[in-house]
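> sequence unknown, structure follows:
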């Protein structure tokens, strides 16, 4: 159930703990996971009643071409967001890996340590040839490898929690060094030792960054377009069995998000960066274990990008050229266009938070809240509008509209009133 998406989103969830606080993120994580599971229930029931196991086809049966375009557009936006998150990791992690392997200290003027150049090079040399394949025979291997990388990353995050002292202690040692023999970590410049609570977890914090919490978590739990194809291929297919598969998958996602975010936050507290591995670089020299993690994650995300391109290209081809025979020229043009657009996002959007926030508030909200409930209300005819099931679906639909409009409005206000965040 798209478990390979876990690794990227977990990196950013660590930032949410530092910005938002412990209990608030835990509460939101719990509610979003439950709501996502409920939407899977609605989607499976609708698929049985509507007679289709394609998300876009359900949209067409429910609302005609408008429903089909809405479903297709939401899936495309969600997958482009996932691709962008993977390429963001290449952009920020690959220069550090090259720097560590080549033992380079002065990075000024070196093009091969520029993340923008590297993400273009990786896209051209590795991702594009794999994306041009007509079939994805290696999909199973890629998914398994990515999940193993996520497990390894989680183990390292937990292990490092007991190795790295609190950032306050690091900054204190730096400030107390008389002869300057200890270099101050960049992430903690200007830290005030009098902030005695900096190494204490904060339970509820509300600020301008809180508006991104729900969209990011919504984005993190989207796997709904893959639910129906998996349901179709399930041996001994039944809705109850598919719901059991979904419960196990969602619990695994919840547990991995929770542990990685919690231990990342309890290691660095409010000093944790958007990309957790970068925070480790700020407080310690090159570590062989972290280098292995970086290499594993880079391999996994590079192999995953072509997997995400396939449904985007398939959806575009189905919309524009459904009745035409396969053409290598059209196949290549669509693939290159998708890659070019995604690379431009990664190069020119200053913060991955903006991509996660916008897509989480729009496409992810559509795929989790609005579309499954709308399809259910429209296509499940055997239940009246006064039934508990239909009332619950209607309430879920209204909740999705509130989440979508409210989150989008708050994000736009944050963009207007606050300068764009730099770095990663």
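Structure's in. What do you need? Source: prediction; values computed, not measured.
> number of residues surrounding residue 400?
Residues lying near residue 400 (other Cβ atoms under 10 Å) number 23. Quick note: C-beta positions are derived from backbone N, CA and C, even for glycine.
> pretty sure it sits against residue 367.
No - between residue 400 and residue 367 there is no contact under Cβ atoms under 8 Å: 9.8 Å.
> what's the helix or strand for residue 152?
Under the criterion of DSSP states H and E, residue 152 resides in helix 139-161.
> can you tell me what sits against that helix?
By Cβ atoms under 8 Å, 6 or more residues apart in numbering, the surrounding residues in contact with helix 139-161 are 3-4, 6-7, 10, 256, 259-260, 263-264, 266-267, 276, 280, 289-290, 292-293, 296-297, 299-301, 303-304, 307.
> mind listing which of those residues are in helices?
Counted as lying in helices by DSSP state H, out of the contacts of helix 139-161, are 6-7, 10, 256, 259-260, 263-264, 266-267, 276, 280, 289-290, 292-293, 296-297, 299-301, 303-304, 307.
> from those, which would you call buried?
Among these, those scoring as buried are 6-7, 10, 256, 260, 263-264, 266-267, 276, 280, 290, 293, 296-297, 300-301, 303-304, 307 (criterion: 16 or more other Cβ atoms under 10 Å).
> can you tell me the closest non-neighbouring residue to residue 115?
residue 91 (3.8 Å; Cβ to Cβ, 6 or more residues apart in numbering).
> next helix or strand past whichever strand or helix holds residue 65?
For residue 65, the element it lies in under DSSP H and E is helix 55-102. Counting by DSSP H and E, the element after helix 55-102 in chain order, helix or strand, is helix 115-122.
> show me what counts as buried in that following helix.
Neighbour counts over helix 115-122 (16+ other Cβ under 10 Å) mark 115, 118, 119, 120, 122 as buried.
> elements contacting it?
Using 3 or more Cβ pairs under 8 Å, 6 or more residues apart in numbering; DSSP states H and E, the elements in contact with helix 115-122 are helix 55-102, helix 328-348.
> redo that, cut-off 6 Å
On a contact count with 3 or more Cβ pairs under 6 Å, 6 or more residues apart in numbering; DSSP states H and E, helix 115-122 meets helix 55-102.
> between the helix it packs on and helix 139-161, how big is the angle?
50 degrees (axes from the mean of the first three to the mean of the last three Cα atoms, to 10 degrees).
> and helix 55-102, what does it pack onto?
For helix 55-102, the packing partners by 3+ Cβ pairs under 6 Å, 6+ apart come out as helix 115-122, helix 288-320, helix 328-348, helix 352-359, helix 371-379.
> averaging pLDDT over each of the ones you listed, which comes out lowest?
Between these, the one with the least mean pLDDT is helix 352-359; it has a mean of 80.
> how far does that helix sit from its chain's centre?
Its chain's C-alpha centre lies 9 Å from the corresponding centre of helix 352-359 when counted by Cα atoms, centre = their mean, to the nearest Å.
> that helix: what's the following helix or strand?
Going down the chain from helix 352-359, the next helix or strand is helix 365, by DSSP H and E.
> count the residues that sit near residue 31.
Using other Cβ under 10 Å, residue 31 has 12 other residues around it.
> mind starting the numbering at 353 from now?
In the new numbering, first residue 353, that becomes residue 383.
> quick one: it and residue 719, what's the gap?
Separation of residue 383 from residue 719 (Cβ to Cβ, to the nearest Å) stands at 17 Å.
> residue 720 touches residue 391, doesn't it?
Yes - Residue 720 is within contact range of residue 391, at 5.1 Å (criterion: Cβ atoms under 6 Å).
> so between the two, which is more surrounded?
Higher neighbour count among residue 720 and residue 391: residue 720, with 30 against 25, using other Cβ under 10 Å.
> ok, now which ones touch that one?
Taking Cβ atoms under 6 Å, 6 or more residues apart in numbering, we find residue 720 in contact with 388, 391, 570.
> cutoff 10 Å now
The neighbours of residue 720, taking Cβ atoms under 10 Å, 6 or more residues apart in numbering as the test, are 384, 387-392, 395, 426, 430, 570-571, 573-576, 712, 748, 752, 755.
> narrow the residues you listed to those in strands?
Applying DSSP state E to the contacts of residue 720, no entry is found in strands.
> still on that earlier bit, shared neighbours, residue 720 and residue 391?
With Cβ under 10 Å, 6+ apart, residue 720 and residue 391 have common neighbours 573, 574, 576, 748, 752.
> the residues you listed into JSON lines, with extra columns for pLDDT?
As requested, these are exported to JSON lines (pLDDT from 0 to 100):
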{"residue": "573", "pLDDT": "86"}
{"residue": "574", "pLDDT": "85"}
{"residue": "576", "pLDDT": "82"}
{"residue": "748", "pLDDT": "95"}
{"residue": "752", "pLDDT": "92"}
